[in-house]
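In: Sequence and computational prediction follow.
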Amino acid sequence: MADQLADGGAVRSRSTSRPPVLDKGRVTRSEAVVPIRHRQRLRATPRYDILTDVKISTHRATTTQGYDTKSVDRTVPVRDVHLERAFASVPKYFANGDIVMSHMFAVLSATFPDGESYFVRSVAGVQDRINDETLASNIEGFIGQESMHGREHRAFNARLAELGYPTRAIERYTDRAYRLLERVGTSRIHLAVTAALEHYTATLAEMLLTDPDARGVFEHDAVRRLFVWHALEEAEHKAVAFDTYRHVGGSERMRRLAMTAVDLDFLLELVAMTAVSVSLDPVARRHPLRTLRSAALLMRSPFASAKAAR
């Protein structure tokens, strides 16, 4: 599955009919996702546009720390995916024309870049304490994958802002919230919170990869590919934060407390942010019955099921 892309209800294999586009040594940075001291300098070898070449390229990534991340024979490979140009055609209601569903996924996407950045800082902060070679390798892959997710979701969020979604405000709020948490928490607390939040992304990933109805929500090709690619890689690295937490001596009691806190905060903030986002939408305000029907459809969708809340 790591070498394939789920698209709609099918899984499409890598295409090899077109030659790779070499990057010519250009450095691509994942802005605002990795802290400066760990920022990825991503050199694609080769680089592919996911919309014209189904193949998702694996690549070599090096950081200012000097370690080398390779995708060959890795449990957590890193792929250089480029969707920014395709986002230009994303419509206002990209989730099958559904108002509330589109706002909910816009809110989720807006929280991802700075959330991914926090995850990376949490794991990278204990790298010097990792003496397990496999885990150390998977951490490098985790950092690379989360960096790419942050970059592509930030590009998607920029398009959503053009369409009127409050993604920039949500990004600022998310960044400030995580920065505040970092001032008061220990490295183990940050890892426990990261592992808990990764639980939610892994649950969403499983749903998107196994439920055609969930994937079918995204009618726009680039949006569907963004979320399915993200889901594939979340499935690959879902245990890395938890394994890192246990490796550095994190307790089960702290993990459970973090999971309970994240349960409450994640659901409350998602509902509140989605409600605010919808309330700011002129179309939603002008058509209250359409908006209410949209909310009712969301409650009957796979994303409001018991499986999604587990």
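Out: Cool, got the structure.
In: Helices of the stretch 1-150 of the chain, start to end?
Out: 99-124, 133-162 (DSSP state H, counting those that start in this stretch).
In: for these, which one ends up most surrounded?
Out: Ranked by average neighbour count under the criterion mean count of other C-beta atoms under 10 Å, the helices of the stretch 1-150 of the chain are headed by helix 99-124 at a mean of 25. (Each C-beta comes from the backbone N, C-alpha and C, glycine too.)
In: thinking again about what came up before, let's have the helices of the stretch 1-150 of the chain in TSV, adding distance to R224.
Out: Conversion of the helices of the stretch 1-150 of the chain to TSV gives the following (distance: least, C-beta to C-beta, whole Å):
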stretch	distance to R224
helix 99-124	11
helix 133-162	12
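In: Now mean pLDDT too, for the ones you listed, in TSV please.
Out: Converted to TSV, these look like this (pLDDT from 0 to 100):
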stretch	mean pLDDT
helix 99-124	96
helix 133-162	95
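In: nearest to G216, of those?
Out: Proximity of the helices of the stretch 1-150 of the chain to G216 was assessed by C-beta to C-beta; the nearest stretch is helix 99-124, lying at 11.4 Å.
In: helices or strands next to the closest one in the packing?
Out: In this structure, helix 99-124 makes packing contacts with helix 133-162, helix 167-184, helix 187-210, helix 240-247, helix 252-279, helix 282-286, helix 288-299, judged by 3 or more C-beta pairs under 8 Å, 6 or more residues apart in numbering; DSSP states H and E.
In: Against which helices or strands is the last one packed?
Out: When you say that, I think you mean helix 288-299. helix 99-124, helix 282-286.
In: redo that, cut-off 6 Å
Out: Packing partners of helix 288-299 (3 or more C-beta pairs under 6 Å, 6 or more residues apart in numbering; DSSP states H and E): helix 99-124.
In: and the helix it packs on, how far from the chain's centre?
Out: Averaging C-alpha positions (C-alpha atoms, centre = their mean, to the nearest Å) puts helix 99-124 6 Å from its chain's average.
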